[in-house]
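**Student:** sequence and predicted structure below; questions after.
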Amino acid sequence: MKKGIIFDMDGTLWDSAKQVAESWNVVLEKEYPEVSVRITKEDMYRVMGKTMDVIADLLFPDEEKKKRGEILEACGRYENQYLKEHGGQLYPNVEKTFQELQKEYDLYIVSNCQKGYIEAFLDYYHLGQYIKDKECYGNTDLKKGDNIKLVVERNEIKEAVYVGDIQGDYDSSKEAGIKFIHAAYGFGTIDEKVPEIKAFEELPEVVKTVL
């Protein structure tokens, strides 16, 4: 029976808030000098996990909706390029844990990010060999729960668990009808009692109790 582990990214596999903020500010200064907003790492923590359209509304509330979308698209394009060159803060032992997990499970990534973000992460850290499939909001315009379902269905996964760090990740796993493990070292808390890991390398042992 095929079993799969589906990963969130931000707060689960890495923390890219500082680098994302840096890249966005480059775009704002060069291409949109009339926009007074400058992005901080804390701003990124505040919006991580949300879909791109919601992020645009939260970070650029004074701009017209069309312009918000244009700014976000420009920032996203440069962000992917920037992350390919600079990376982010990878959590300890991710590759070592991937190597151990793939012996028994297929590994996937589903994120609310823009198109190209997952690829930038995988390229910088050379982790693509471990990930069988991936999906994101930027590809489908679907919310995370629907993208999880999509990955489960097209890969014919019989039993799956989603690993994420915020309440929205847990809610999405429930919408998709799969199990959940909380990355408790990440950015958020979960309202209900769920299996959790306090470091990424704890995952192989905890997964055994869930799948």
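**Tutor:** Arrived safely.
**Student:** model confidence score at the residue of the chain most remote from its centre, please.
**Tutor:** The C-alpha centroid of the chain is most remote from residue 34, which lies 30.3 Å away (CA atoms, centre = their mean). The model reports residue 34 with a pLDDT of 94.
**Student:** can you check residue 115 too?
**Tutor:** 93.
**Student:** what's the answer for the one 10 residues further on, then?
**Tutor:** Predicted confidence (pLDDT) for residue 125: 96.
**Student:** now for it: which residues touch it?
**Tutor:** Residues counted as contacts of residue 125 (CB atoms under 8 Å, 6 or more residues apart in numbering) are 87, 90, 94-95. Every residue, glycine included, has its C-beta placed from N, CA and C.
**Student:** ok, now how distant is the residue farthest from the centre of the chain from residue 59?
**Tutor:** Taking CB to CB, to the nearest Å as the measure, residue 34 and residue 59 are separated by 16 Å.
**Student:** still on that earlier bit, helix, strand, or coil at the residue farthest from the centre of the chain?
**Tutor:** Three-state call for residue 34 (DSSP: H, G, I helix; E, B strand; the rest coil): coil.
**Student:** and the contacts of residue 125, which of them are buried?
**Tutor:** 87, 90, 94 (16 or more other CB atoms under 10 Å).
**Student:** the second one touches residue 16, doesn't it?
**Tutor:** The reference is to residue 90. No - judged on CB atoms under 8 Å, residue 90 makes no contact with residue 16 at a distance of 9.3 Å.
**Student:** report the buried residues of the longest helix seen in the chain.
**Tutor:** The residue-count maximum for a helix in the chain (DSSP state H) belongs to helix 65-86. Neighbour-count burial for helix 65-86, with 16+ other CB under 10 Å as criterion, is recorded at 68-72, 74-76, 79-80, 82-83.
**Student:** same deal with stretch 15-22?
**Tutor:** 15-17, 19-21.
**Student:** check the offset of stretch 117-126 from the chain's centre.
**Tutor:** Chain-centre distance of stretch 117-126: 12 Å, with CA atoms, centre = their mean, to the nearest Å.
**Student:** and that stretch, what's buried?
**Tutor:** 117-118, 120-122, 124.
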